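Visitor: sequence first, then the predicted structure:
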Amino acid sequence: MNRSEAKQRIGDLRAEIQQHDYRYYVQDAPSVPDAEYDRLMRELQALESEYPEFVTPESPSQRVGGEPLDGFEAVRHETPMLSLANAFSEEEIHQFHDRVSRGLEIDHVEYVAEPKLDGVAISLRYTDGLLQLAATRGDGVTGENVTSNVRTIAAIPLQLKRRGKSGAWPAALEVRGEIYMPLAGFEAYNRRAREEGGKELVNPRNAAAGSLRQLDSRLTAQRPLAFYAYSIVASEGLPESHFDALALLKSWGFPVNPEIRRVRDAQGCIDYFIGMGRKRDRLPYDIDGVVFKVDSRDQQVTLGFVSRAPRWAIARKFPAQEEITRLIGIDVQVGRTGAITPVARLEPVFVGGVTVTNATLHNFDEIRRKDVREGDWVIVRRAGDVIPEVARVMTERREGEPPEFQMPQHCPVCGSAVERDEGEAVFRCTGGLVCGAQRIQSILHFASRRAMNIEGLGAKLVVQLVDAGLVNSVADLYRLEREQLAGLERMGEKSADNLLAELEKSKTPDLDRLLFALGVREVGEVTAASLARHLGSLEKIMAASEEELVEVPDVGPVVASHVRAFFNEPHNVEIIKELETAGLHWQAPETNEGEQPLAGQIWVLTGALGMPRARARTMLESLGARVTGSVSAKTTFVLAGEAAGAKLRKAESLGVEVLDEETFRTLLQSHGVSL
């Protein structure tokens with residue numbers, strides 16, 4: 001490629017990349033995959049490196065940032081960046097509209113309604129379509145020159161797009177808007193910071209402001225900043241309508257918020273505010289209110305200004321999402337799965353439209369990371385219906401050196417031991433069978449089809465039984481009497497008899513089903529079957545050491561520790577004894593001590609079977625077969641139930657013999673296995 005060809009190619013690449021930026025940031029319709037965009041950018045950077053004489057400030061390649069500055073130059077705004085008056089009620093919106101309509105001597109007024117982004121206001125000056133200066137608001141009269149930092153923000157055009165004579169931009173143009181940090185970018189940045197041991201950003205607004213004031217623009221380039229334009233400052237030849245001027249900005253390459261609407265009179269403003277309030281928590285960015293502006297530029301001039309605010313615009317703020325209060329203490333709550341969650345008790349504070357007295361602290365690691373201690377002053381954040389959280393501790397207000405929070409060693413509900421797996425953030429109560437907080441969940445699991453299979457014992461009935469004080473543990477199910485059940489809501493004598501019959505039928509479970517029903521953490525059907533088959537009795541399982549447990553197939557160190565912890569808990573052992581007293585006697589797994597007739601065979605199970613798949617697997621393995629999860633040419637048989645899919649098709653394509661469940665049962669019976 002010669003010099004002339006390189007110049008042409010550089011120009012083509014810039015135009016193509018700028019068009020992709022326009023589609024991505026302005027139209028919200030990406031035109032190429034990220035990988036293709038990156039390839040174009042790398043090609044441009046390579047050509048500009050080889051031909052540096054063609055590098056210009058408006059090139060998309062120049063968004064990486066330059067050498068650090070010693071400080072920011074002061075910039076005087078040719079037109080002051082004014083603040084807005086605030087309204088905090090519908091009545092104040094009506095009062096604003098009345099003032100506007102009286103000032104214009106008309107009854108009806110068109111407004112433009114815009115989300116009020118919680119970011120940083122910025123002024124952008126363009127000369128002949130090229131970005132020349134970016135300045136912060138400052139005190140409204142004088143701001144700071146942050147051009148080098150703003151150039152790194154991909155959403156802000158370095159060179160404007162032309163749109164014919166009617167839409168051509170003026171030679172001198174000033175555009176104002178808001179730089180903000182999208183919530184996804186904020187969360188991703190903080191996630192990386194945590195992983196790398198770096199400093200996290202406090203909130204999206206502070207993050208945007210801090211990013212703009214980095215003296216090293218290369219650091220700004222690493223921050224996920226975005227931009228929306230919201231006005232053009234006095235230029236000749238602009239549309240008379242502010243709404244139409246925003247459309248013109250969009251045609252020149254500026255992102256404009258898609259939530260902006262035209263509304264009519266005070267009621268239109270109020271309806272828009274209510275609608276944005278409902279949508280607020282689903283937006284990909286933070287907003288702290290909405291702004292209403294008279295649409296007609298001529299009417300804006302007629303209304304003029306008062307003090308340092310325009311008479312033709314007003315902001316209506318949402319209730320604050322962050323407030324300061326004192327943390328009185330830290331309690332712990334036990335969830336229905338046994339997870340223990342720390343909760344902050346707060347001095348009541350009005351935040352996000354409600355009075356907050358409690359806030360989540362997430363987990364023990366978060367308490368340590370944020371250094372939360374009793375008596376601290378904290379910033380509480382509440383966004384919509386999201387549970388309030390302690391966002392930050394104001395350590396600068398801390399008095400003395402209060403002790404660090406310690407997670408309790410015993411469950412506050414049932415007194416069982418609390419455990420935490422290595423590498424996990426959550427502490428858990430080990431008293432699953434007896435813990436009041438886990439009671440309903442443990443009973444439902446115990447009665448489920450794949451466990452004890454007690455038909456008719458659904459969630460609503462379990463809640464009734466627990467609320468009535470009739471059932472406090474799974475053992476209490478077998479103490480229920482006909483009169484007690486029949487007296488419950490929607491539970492007649494026939495339903496009571498049916499449930500009692502189901503309970504009686506469940507008293508002779510296979511050992512693996514009982515073991516699964518007990519709800520030991522990480523012990524599913526397959527693991528329960530392995531434990532039952534290899535150790536042979538519940539007594540041996542309860543007495544086995546972790547070293548003995550890890551010798552069982554499908555049982556690793558983590559599962560072994562959970563099994564050992566479960567049976568180390570006296571409360572759980574007591575429940576098992578109560579089950580025995582209630583008449584339960586579980587069946588030892590069937591074994592074939594002599595020759596194993598299916599030794600060397602490889603089986604695959606697929607589709608819905610009439611018997612639990614774990615039981616089918618146990619019986620096959622007791623006869624010497626190996627059960628795997630995928631079909632190959634080495635597979636001996638595939639047992640296919642109803643709705644079998646890809647595994648069945650693969651077996652047929654490989655010529656592997658397929659058995660239905662009836663044939664499978666006949667095979668088992670021929671080898672002496674009772675069903």
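Guide: Cool, got the structure.
Visitor: could you point out the longest helix in this structure?
Guide: Counting by DSSP state H, the longest helix found in the chain is helix 3-21.
Visitor: which other helices and strands contact it?
Guide: The helices and strands touching helix 3-21, judged by 3 or more C-beta pairs under 8 Å, 6 or more residues apart in numbering; DSSP states H and E, are helix 34-50. (Glycine included, C-beta is placed from N, CA and C.)
Visitor: show me the contacts for E652.
Guide: With contact taken as C-beta atoms under 8 Å, 6 or more residues apart in numbering, E652 is in contact with V658.
Visitor: pretty sure it sits in a helix.
Guide: Yes: using DSSP: H, G, I helix; E, B strand; the rest coil, the assignment for E652 is a helix.
Visitor: hmm, back to that, with just CA atoms, put the longest helix of the chain into PDB.
Guide: Extracted C-alpha coordinates of helix 3-21, given in PDB (Å, rounded to 0.1, in the frame of the first residue of the first chain):
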ATOM      1  CA  ARG A   3       1.100   6.600   0.800                       C
ATOM      2  CA  SER A   4      -1.900   7.700  -1.300                       C
ATOM      3  CA  GLU A   5      -3.700   4.400  -0.800                       C
ATOM      4  CA  ALA A   6      -3.000   4.500   2.900                       C
ATOM      5  CA  LYS A   7      -4.500   7.900   3.200                       C
ATOM      6  CA  GLN A   8      -7.600   6.800   1.400                       C
ATOM      7  CA  ARG A   9      -7.900   3.600   3.500                       C
ATOM      8  CA  ILE A  10      -7.500   5.600   6.700                       C
ATOM      9  CA  GLY A  11     -10.300   7.900   5.700                       C
ATOM     10  CA  ASP A  12     -12.600   5.000   4.800                       C
ATOM     11  CA  LEU A  13     -11.900   3.200   8.100                       C
ATOM     12  CA  ARG A  14     -12.600   6.400  10.100                       C
ATOM     13  CA  ALA A  15     -15.900   6.900   8.200                       C
ATOM     14  CA  GLU A  16     -16.900   3.200   8.700                       C
ATOM     15  CA  ILE A  17     -16.000   3.200  12.400                       C
ATOM     16  CA  GLN A  18     -17.900   6.500  13.000                       C
ATOM     17  CA  GLN A  19     -20.900   5.000  11.300                       C
ATOM     18  CA  HIS A  20     -20.800   2.000  13.600                       C
ATOM     19  CA  ASP A  21     -20.500   4.300  16.600                       C
END
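Visitor: buried residues in that helix?
Guide: Neighbour counts over helix 3-21 (16 or more other C-beta atoms under 10 Å) mark A6, R9, I10, L13, R14, E16, I17, Q18, H20, D21 as buried.
Visitor: wait, doesn't the second one sit right on E48?
Guide: I take that to be R9. No: if you go by C-beta atoms under 8 Å, R9 and E48 don't touch, sitting 10.5 Å apart.
Visitor: quick one: low-confidence ranges for the stretch 101-250 of the chain?
Guide: Where the stretch 101-250 of the chain drops to pLDDT under 70, the residues are 163-167, 234-235.
Visitor: all strands for it, in order.
Guide: With DSSP state E, counting those that start in this stretch as the criterion, the stretch 101-250 of the chain has strands at 110-117, 120-127, 130-136, 142-144, 172-180, 226-233.
Visitor: for E53, which of those is the nearest?
Guide: strand 130-136 (18.2 Å; C-beta to C-beta).
Visitor: which helices and strands sit right next to the closest one?
Guide: By 3+ C-beta pairs under 8 Å, 6+ apart, strand 130-136 packs against strand 120-127, strand 142-144, helix 147-150.
Visitor: same thing but at 10 Å, please
Guide: With contacts taken as 3 or more C-beta pairs under 10 Å, 6 or more residues apart in numbering; DSSP states H and E, strand 130-136 sits against strand 74-76, strand 120-127, strand 142-144, helix 147-150, strand 172-180, helix 204-212.
Visitor: for it, list every residue counted as buried.
Guide: Quick answer for strand 130-136 (16+ other C-beta under 10 Å): L131, L133, A134, A135, T136.
Visitor: let's have the residues you listed in CSV, adding distance to G524.
Guide: Output for those, formatted as CSV (distance: C-beta to C-beta, whole Å):
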residue, distance to G524
L131, 60
L133, 64
A134, 58
A135, 62
T136, 58
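Visitor: from the residues you listed, which single one is nearest T360?
Guide: Closest to T360, out of all of the buried residues of strand 130-136 and judged by C-beta to C-beta, is T136, at 35.2 Å.
Visitor: okay, now F637: neighbour count?
Guide: Around F637 there are 21 other residues, counting by other C-beta atoms under 10 Å.
Visitor: with R39 instead?
Guide: Look at R39: counted by other C-beta under 10 Å, it has 12 neighbours.
Visitor: do Q95 as well
Guide: Q95, neighbours per other C-beta under 10 Å, totals 14.
Visitor: who are the neighbours in contact with the closest residue to it other than its chain neighbours?
Guide: Counting by C-beta to C-beta, 6 or more residues apart in numbering, Q95 lies nearest to A87, which is 7.9 Å off, once chain neighbours are set aside. Shown in contact with A87 (C-beta atoms under 10 Å, 6 or more residues apart in numbering): 93-96, 269, 273, 289-290, 292, 314-317.
Visitor: now the phi/psi pair for A87, please.
Guide: Here is the backbone geometry of A87 (degrees, to the nearest 10): phi -120, psi 140.
Visitor: what is it paired to in the beta sheet?
Guide: On the basis of DSSP bridges, A87 is bridged to R316.
Visitor: measure it to F96 for me?
Guide: 6 Å (C-beta to C-beta, to the nearest Å).
Visitor: mind checking how far stretch 623-640 is from the chain centre?
Guide: Offset of stretch 623-640 from its chain centre (C-alpha atoms, centre = their mean, to the nearest Å): 40 Å.
Visitor: what about it, average pLDDT?
Guide: Stretch 623-640 carries an average pLDDT of 86.
Visitor: run a quick neighbour tally on D554.
Guide: Neighbours of D554 (other C-beta under 10 Å): 14.
Visitor: follow-up on the earlier one: out of the strands of the stretch 101-250 of the chain, nearest to L215?
Guide: Nearest to L215, of the strands of the stretch 101-250 of the chain and by C-beta to C-beta, is strand 142-144 at 11.0 Å.
Visitor: pLDDT wise, what is the closest residue to R381 other than its chain neighbours at?
Guide: Leaving out its chain neighbours, the residue that sits closest to R381 by C-beta to C-beta, 6+ apart is A391, at 4.1 Å. As predicted, A391 sits at a pLDDT of 86.
Visitor: returning to what we had before: and the residue nearest to Q95, how far is that from A266?
Guide: Taking C-beta to C-beta, one finds A87 at 10 Å from A266.
Visitor: before we move on, the earlier item: mutual contacts of A87 and F96, please.
Guide: Residues touching both A87 and F96 (C-beta under 10 Å, 6+ apart): C269, F292, I314, R316.
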